[in-house]
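Engineer: pasting a predicted model and its sequence here:
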Amino acid sequence: MSADDLKRQAAARALELVEPRMRLGLGTGSTAKHFVELLGERVRAGLEVTCVATSEATQAQALAAGIAMTTLDAMPELDLTVDGADELDGELRLIKGGGGALLREKIVAAASGRMVVIADDSKRVATLGRFPLPIEVVPFGLGATRLAIARVAAAAGCHGPLDLRRSGDTPFVTDGGHVILDASFGRIPDPPALASTLAGVPGVVEHGLFIGLATAAVLAGASGLIEMGKL
Ligand SMILES: O=C(CO)[C@H](O)[C@H](O)COP(=O)(O)O
C-alpha cells in the first residue's frame, strides 16, 4: 500500500467523527487534502457542516468541493479540526508547518474543541526534531531574528542550522506574508521549553511546535490503523 493510500485511510477514519452541523477546521497538506476531498463527497450527498480553512490552498479546494466555508471572525469557535503533521510523539506533541501553513493551522487548532491528527505511521517519532522545525518570522530584521533564535534554542539544548525556506530562486512567503526558517535540530530534548522560549523572540510570528493542542491522532500503517488519544 502506498503512503498516499495510508493517508487516505487515516482521513477516512477521521471523517467518521464528523456529525451534522459541526463547525470544522480543515488542515493543510497532502493528508488533509484527502480529508477535504472525502468531506466534499459527504457534503454533496447532503451533510451540513461549516468549515474554516487553515490556508488559501485548502480554502480553494474546499470551495471547489462545494463545502460551506466561513472565517474565525464569523465563527470563532470550532468543534473539531482535522489536520496532518510532520511529526508526532507519544504525548501527541507535534511538529507542523512543512507545508508552510503553521500560523493559521495553530490559530484554527487553538479555536477548536478537538484537534485530530491524521497521518501515515512514518510520522510517529520517539523524540521530536528529526523533521526540521519551521519557524515563521517577519522578513524585517531577519539576520537579527535568526541569531536570537539560535541563542535561545542553544539554551534549550537545540543546535543546528536555521535555513531560510526557498521557493525556487526566492524566499518562500507564507499566506500571512512572512518567511520561514527551518531549524534542523535533529532532536528537541524539551519541546515545551523550546516552544515558550521561541515565542518570546521578537520577530518570531509562530513556530511549528504544537503542544497541548492535538487531542487524538489516527495513524495508518501497513498493519492497520493506530488511534492515539480520545477520538
Ligand atoms: O503542517 C502542515 C502544513 O503546514 C502539514 O500538515 C504537514 O506538513 C503534513 O503534511 P502532509 O500531510 O503532506 O505530510
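Structural biologist: Sure, I can see it. Numbers count the residues shown, from 1 in each chain.
Engineer: what are the buried residues along stretch 181-192?
Structural biologist: 181-183, 185, 188, 191 (16 or more other CB atoms under 10 Å). Bear in mind the C-beta positions are built from the backbone N, C-alpha and C, glycine included.
Engineer: could you find the closest non-adjacent residue to the residue nearest in space to the middle of the chain?
Structural biologist: For the chain, Lys96 is the residue whose C-alpha lies nearest the centre (CA atoms, centre = their mean; 4.1 Å). Of all residues not flanking Lys96 in the chain, Gly208 sits nearest, at 4.8 Å (CB to CB, 6 or more residues apart in numbering).
Engineer: contacts only, for that neighbour.
Structural biologist: Contacts for Gly208 (CB atoms under 8 Å, 6 or more residues apart in numbering) come out as 86, 94-97, 102, 133-135.
Engineer: can you pull the pLDDT of the spatially closest residue to Asp89 that is not a sequence neighbour?
Structural biologist: Nearest residue to Asp89 in three dimensions, chain neighbours excluded: Leu128, at 5.4 Å (CB to CB, 6+ apart). If you check Leu128, the pLDDT there is 98.
Engineer: where's the residue nearest to the centre of the chain relative to the ligand, distance?
Structural biologist: Distance, Lys96 to the ligand, by CB to the nearest ligand atom, to the nearest Å: 4 Å.
Engineer: Thr170 too?
Structural biologist: 19 Å.
Engineer: counting neighbours, what do you get for that residue?
Structural biologist: 8 (other CB atoms under 10 Å).
Engineer: same for the longest strand belonging to the chain, what does it pack against?
Structural biologist: Ranked by residue count, the top strand of the chain under DSSP state E comes out as strand 112-120. Secondary-structure packing of strand 112-120 (3 or more CB pairs under 8 Å, 6 or more residues apart in numbering; DSSP states H and E): helix 3-15, helix 30-44, strand 78-83, strand 216-221.
Engineer: from the contact counts, what lies against the third one?
Structural biologist: For strand 78-83, the packing partners by 3+ CB pairs under 8 Å, 6+ apart come out as strand 23-26, helix 30-44, helix 102-110, strand 112-120.
Engineer: please redo it, this time with the cut-off set to 6 Å
Structural biologist: strand 23-26, helix 102-110, strand 112-120 (3 or more CB pairs under 6 Å, 6 or more residues apart in numbering; DSSP states H and E).
Engineer: again with the last one
Structural biologist: If you count contacts as 3+ CB pairs under 6 Å, 6+ apart, strand 216-221 packs onto helix 3-15, strand 112-120, strand 224-229.
Engineer: and that strand, which strands flank it?
Structural biologist: With DSSP bridges as the test, strand 216-221 is paired with strand 112-120 (parallel), strand 224-229 (antiparallel).
Engineer: how about those, which one is nearest the ligand?
Structural biologist: Each of the strands paired with strand 216-221 has some distance to the ligand by CB to the nearest ligand atom; the shortest is strand 112-120, at 6.6 Å.
Engineer: after that closest one comes which helix or strand?
Structural biologist: Counting by DSSP states H and E, the element after strand 112-120 in chain order, helix or strand, is strand 133-137.
Engineer: perfect, I'm done here.
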